[in-house]
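Trainee: Provide a 3D model corresponding to the input given below.
(one chain, ligands or ions: 1)
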Amino acid sequence: MNLDELNAIAKKMVAPGKGILAADESTGTIQKRFDKIGVENSEDNRRDYRELLFRTDTAMKQHIGGVILFDETIRQKAKDGTPLVKLITDAGSTPGIKVDKGAVPLAGAPNETITEGLDGLRGRFVEYHKLGARFAKWRGVYEIAEGNPSHDAIHANAHALARYAALAQENGIVPIVEPELLMDGDHTIARCEGVTEWILKEVFQELYYADVKLEGIILKPNMVVPGKKCPKQNSVEEVAERTIKVLKRCVPGAVPGIAFLSGGQSDEDATAHLSAMNALPSLPWALTFSYGRALQAAPQAAWSGKAENVAKAQAVFAHRALMNSLAATGKWTKDAEKKVA
Ligand code: 13P
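Mentor: Down below sits the predicted model:
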């Protein structure tokens, strides 16, 4: 492992004004997205859609420092035969790969999950590196409910994240470490804050035990927000302040970048929260986006599977990428948002 190289990759992914496009939906998850826009979930449609994104020049060159891919996509070619990975590197961005195999029920922990995918992972990293991946993603999932999350689930997922991260670094790949506390439920922002702190403390403890070098990771956390069904929805400023408070308590300054997931927030909320955080003083890490839905919902709707809509969808994607790029430097405004793409 060359830590300077890992650190350089991570820094490039989260360079000022840049963030990450999470386009790593599994075939099952993209099905849900395509169902919403009435598009058949075929290999060609998945290819056409992702090609559309990766050929959006302004967004890819100026605002997207890395793209997380699914196994199918990292092997796929554009319509003209160019590997999709090449479209990404030609734009100066970095290809990455989702390597976890999803969350399954955790034995002995009702309604909780453990993320699988460690068996054979070393060999998969060797192959993915050859295919062009320079970073990876693994997502642990936690939910707030009566009595949950349990210590068992928090510990088991942190341990898996750490084993994954150590294997990634061993193979010259920057691990995105993603512990996601879901927004589902009616819990308050205070409960989200407390549980997020617990999860992050455990994750960093396990990373230490696994000898993961913090200069060569990116953290992908949830923001501190109330549950979607909580009657009290807090202000943008409060979300920003509570999120930064927890991150400062838990995430050492050696970590080069924190790239948030959007987790079901509206496009504008995800952007506004990120911008408000970046407007706060003395942040020790780069703070940016690694959004799936909050970058893609709008272009997906604009495209709707029709070739004649490609240019419109690309303009919509470029707009969201620009808005989040502004947010990554604390400069987003509602006025900028209103300007039609
Ligand atoms: P969302 O931004 O849609 O939450 O997706 C990000 C992601 O990569 C989840 O693993």
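Trainee: switch to C-alpha atoms for all contacts and neighbour counts from now on
Mentor: Will do.
Trainee: Quick check, residue 177 in contact with residue 141.
Mentor: No: contact between residue 177 and residue 141 fails when scored by CA atoms under 8 Å: they sit 11.6 Å apart.
Trainee: Could you check which of these two has the larger neighbour count?
Mentor: Higher neighbour count among residue 177 and residue 141: residue 177, with 26 against 21, using other CA atoms under 10 Å.
Trainee: Could you pick out the residues of the stretch 101-250 of the chain near the ligand for me?
Mentor: The stretch 101-250 of the chain comes close to the ligand at residues residue 139, as judged by CA under 6 Å from any ligand atom.
Trainee: Try it again at 8 Å.
Mentor: With CA under 8 Å from any ligand atom as the criterion, the stretch 101-250 of the chain meets the ligand at residues 137-139, 178, 180.
Trainee: Dump these to TSV, plus distance to residue 38 and neighbour count.
Mentor: What follows is those, written out as TSV (distance: CA to CA, whole Å; neighbours: other CA atoms under 10 Å):
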residue	distance to residue 38	neighbour count
137	29	25
138	29	25
139	28	24
178	30	23
180	29	21
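Trainee: So which residue is smack in the middle of the protein?
Mentor: What sits nearest the mean C-alpha location of the chain, by CA atoms, centre = their mean, is residue 290, with 3.6 Å.
Trainee: Could you list the low-pLDDT ranges of this structure?
Mentor: Judged against pLDDT under 70, the low-scoring parts of the chain cover residues 340-341.
Trainee: List the contacts of residue 54.
Mentor: For residue 54, the set of contacting residues under the criterion of CA atoms under 8 Å, 6 or more residues apart in numbering consists of 60, 84, 87-88.
Trainee: tell me which of the residues you listed is nearest to residue 103?
Mentor: Ranked by distance to residue 103 (CA to CA), the contacts of residue 54 are led by residue 84 at 27.2 Å.
Trainee: Burial check on the closest one, number of neighbours?
Mentor: When neighbours are counted by other CA under 10 Å, residue 84 registers 23.
Trainee: For residue 132, see how far away it is.
Mentor: Shown here: residue 84 relative to residue 132, a distance of 11 Å by CA to CA, to the nearest Å.
Trainee: what's the answer for residue 272, then?
Mentor: For residue 272, the distance to residue 132 - CA to CA - is 33 Å.
Trainee: Please say which of those two ends up with more neighbours.
Mentor: The neighbour count for residue 272 versus residue 132, taken as other CA under 10 Å, is higher for residue 272 (26 against 17).
Trainee: isn't that one right up against residue 235?
Mentor: No: no contact is recorded between residue 272 and residue 235 when judged using CA under 8 Å, the distance being 10.3 Å.
Trainee: Can you show me the strands along the stretch 151-300 of the chain?
Mentor: Ranges of strands within the stretch 151-300 of the chain are 174-181, 218-219, 257-260, 286-291, based on DSSP state E, counting those that start in this stretch.
Trainee: ok, back up a step: and the residues of the stretch 101-250 of the chain next to the ligand, which two are the farthest apart?
Mentor: When these are compared pair by pair using CA to CA, the two farthest from each other are 137 and 180, 12.1 Å apart.
Trainee: if we can go back for a sec, who wins on neighbours among the contacts of residue 54?
Mentor: Going by other CA under 10 Å, residue 60 tops the contacts of residue 54 with 28 neighbours.
Trainee: So that residue lies in a strand, does it not?
Mentor: No: under the criterion used here (DSSP: H, G, I helix; E, B strand; the rest coil), residue 60 is helix, not part of a strand.
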